[in-house]
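S.K.: my questions are about this predicted structure, shown below with the sequence.
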Amino acid sequence: MQPNTPFLATAAGIAVATVYFAQPLLVTMGTELGIAPGTVGAFITVTQLGYGLGLFFLVPVGDLLDRRRLIRLQFVLLAVALLLTGIARNAAMLLIGLAAVGALAVVTQSLVAFGAALSAPAERGRTVGAITSGVVIGILLARTTSGLLTDLAGWRSVYLVACGLCLAIALALPRSAPLPRSNLSYGALLRSMLDLWRSEPLFRESALRAFFIFASFSTLWTSIALPLTERQLSHTAIGAFGLIGAAGALAAGPAGRLADQGHGQLIATLASMLLATSWLLTAWTPYSLVALATGAILLDLAVQAIHVTNQSRIYPLQPDAGSRLIGGYMVFYSLGSGVGAIASTALYERAGWTAVCGLGAAFGVGSLVTSVRAAPRTSRASRPCESCR
């Protein structure tokens, strides 16, 4: 059975958007709840910490249970978490709600693994690329949508509207044929993720690169609200930069096809170079919004090319452990995003925008070094680790 790729891409985009709604609203949310600008990055960090926990404890369950039912349940619970966030009356309640949103938004990765499992091997990279395009668009349009809705009806409306959309997806999720499941217990399932880390060098390389690229990504998209707010831009105007960055989605499809053709290592290396150098343009943000727009486009093109390539290359290592591979890989995405968020906002308050750009570029260099140091490897898919079955 072939996956309904457009639906999966749309659902994944909406789910992941819930993690990023807060980015252009940090100052507004912090002001209402009495939180200083230098610490509002905690909103993003707590969401990413929740996302990391969900990746480790929830996504692997897709190898154990019926993925379709699991995805439906996750969307229902995500709707509840969004409702809690939307009605939060104090900082503690908001942070709890955001952490729960992060933990349940990992349904995005369940959708990626679901689509990959339903695809023929020759089409897997293209499917992952298409769903990831939806993820990219969801991430970047999240800022535009949240900014617009906040100007129209307040920041709480953003989370209440998303709550309704998640319930609609849960009801509309198409039926599919059952997929093979692991015969492991839940505890053994989690332990097998560590075995995948030990037994698969390509998985380790991809995970480390994910940490660096998303730390760089989060450094830009978390902190950018600070200098733009100082320029008196509205929430809608700040969020509109997400439309510019959405061009990064253009890289997902071609990167997936090139990965299918065996060019993954080259794509990862070249895109890492682009990621690091994009910050040279972004550094001119205080003087030119055109420079910011150009730098953001280049950064997002690089990040998404690497991200799709990473996922397309690691899934064939252990197809029966697809959810664990994607979930384990994305843990490093979450860690990188959390580090970039809290470090960039704190650094901006102390040293300004140039220092933030230096941090983002350093993360890009980390991705490049990881790619360059990685020698060509032969997949070990023919020798699967016994504990991963």
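M.R.: Sure, I can see it. Quick caveat, the model's predicted, so the values are computed rather than measured.
S.K.: CA atoms for contacts and neighbours, from now on please.
M.R.: OK.
S.K.: how about low-confidence regions in the stretch 151-300 of the chain?
M.R.: Where the stretch 151-300 of the chain drops to pLDDT under 70, the residues are 176-182, 235, 239, 242, 245-253, 255-257, 259-260, 262.
S.K.: residue ranges of the strands in it, please?
M.R.: Under the criterion DSSP state E, counting those that start in this stretch, the stretch 151-300 of the chain carries no strands.
S.K.: just confirm T285 contacts A291, I think it does.
M.R.: Yes: assessed by Cα atoms under 8 Å, T285 is found in contact with A291 at 6.1 Å.
S.K.: check contacts around the nearest residue to L77 once chain neighbours are set aside.
M.R.: Nearest residue to L77, sequence neighbours excluded (Cα to Cα, 6 or more residues apart in numbering): L104, at 7.0 Å. Shown in contact with L104 (Cα atoms under 8 Å, 6 or more residues apart in numbering): Y51, G54, Q74, F75, L77, L78.
S.K.: can you check F212 too?
M.R.: G336, F363, G364, G366, S367.
S.K.: just those: which are in helices?
M.R.: G336, F363, G364, G366, S367 (DSSP state H).
S.K.: ok, now which ones touch the last one?
M.R.: Residues in contact with S367, defined by Cα under 8 Å, 6+ apart, are L208, R209, A210, F212, I213, S272.
S.K.: may I ask which of these has the most neighbours?
M.R.: Using other Cα atoms under 10 Å as the neighbour criterion, I213 leads the contacts of S367 with 35 neighbours.
S.K.: ok, now how distant is that one from I96?
M.R.: 27 Å (Cα to Cα, to the nearest Å).
S.K.: next: L149.
M.R.: In terms of Cα to Cα, L149 sits 22 Å off from I96.
S.K.: show me the contacts of S367 that map onto helices.
M.R.: Per DSSP H, these map to helices at L208, R209, A210, F212, I213, S272.
S.K.: circling back: closest to I297 out of the contacts of L104?
M.R.: Y51 (25.2 Å; Cα to Cα).
S.K.: that closest one: helix or strand, and which one exactly?
M.R.: helix 41-57 (DSSP states H and E).
S.K.: which helices and strands sit right next to that helix?
M.R.: helix 5-20, helix 91-104, helix 201-223, helix 322-351 (3 or more Cα pairs under 8 Å, 6 or more residues apart in numbering; DSSP states H and E).
S.K.: please repeat the previous calculation with a cut-off of 7 Å.
M.R.: Using 3 or more Cα pairs under 7 Å, 6 or more residues apart in numbering; DSSP states H and E, the elements in contact with helix 41-57 are helix 91-104, helix 322-351.
S.K.: tell me what the longest one is packed against?
M.R.: Taking 3+ Cα pairs under 7 Å, 6+ apart as the contact definition, the neighbouring helices and strands of helix 322-351 are helix 41-57, helix 107-118, helix 201-223, helix 353-373.
S.K.: of the contacts of S367, closest to Q109?
M.R.: For the contacts of S367, the nearest to Q109 is A210 (14.1 Å; Cα to Cα).
S.K.: isn't that closest one right up against F332?
M.R.: Yes: in this structure, A210 is within contact of F332 by Cα atoms under 7 Å, at 5.9 Å.
S.K.: I'd like the helices and strands packed on helix 322-351 as a markdown table, with distance to S192 appended.
M.R.: A markdown table is the format used below for those (distance: least, Cα to Cα, whole Å):
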| stretch | distance to S192 |
| --- | --- |
| helix 41-57 | 11 |
| helix 107-118 | 17 |
| helix 201-223 | 13 |
| helix 353-373 | 24 |
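S.K.: how about the ones you listed, which one is nearest V158?
M.R.: helix 41-57 (15.2 Å).
S.K.: next SSE after the closest one?
M.R.: helix 67-86.
S.K.: which helices and strands does that following helix pack with?
M.R.: helix 91-104, helix 107-118, helix 155-172.
S.K.: contacts for the second one, please.
M.R.: Pointing back at helix 107-118 there. Residues from elsewhere that reach helix 107-118, judged by Cα atoms under 7 Å, 6 or more residues apart in numbering: 1-3, 8, 12, 15-16, 59, 62, 67, 71, 74, 124, 127-128, 131, 322-323, 326-327.
S.K.: again, only using 6 Å
M.R.: Contacting residues not belonging to helix 107-118 are listed as Q2, P3, A12, A15, V59, R124, G322, S323 [Cα atoms under 6 Å, 6 or more residues apart in numbering].
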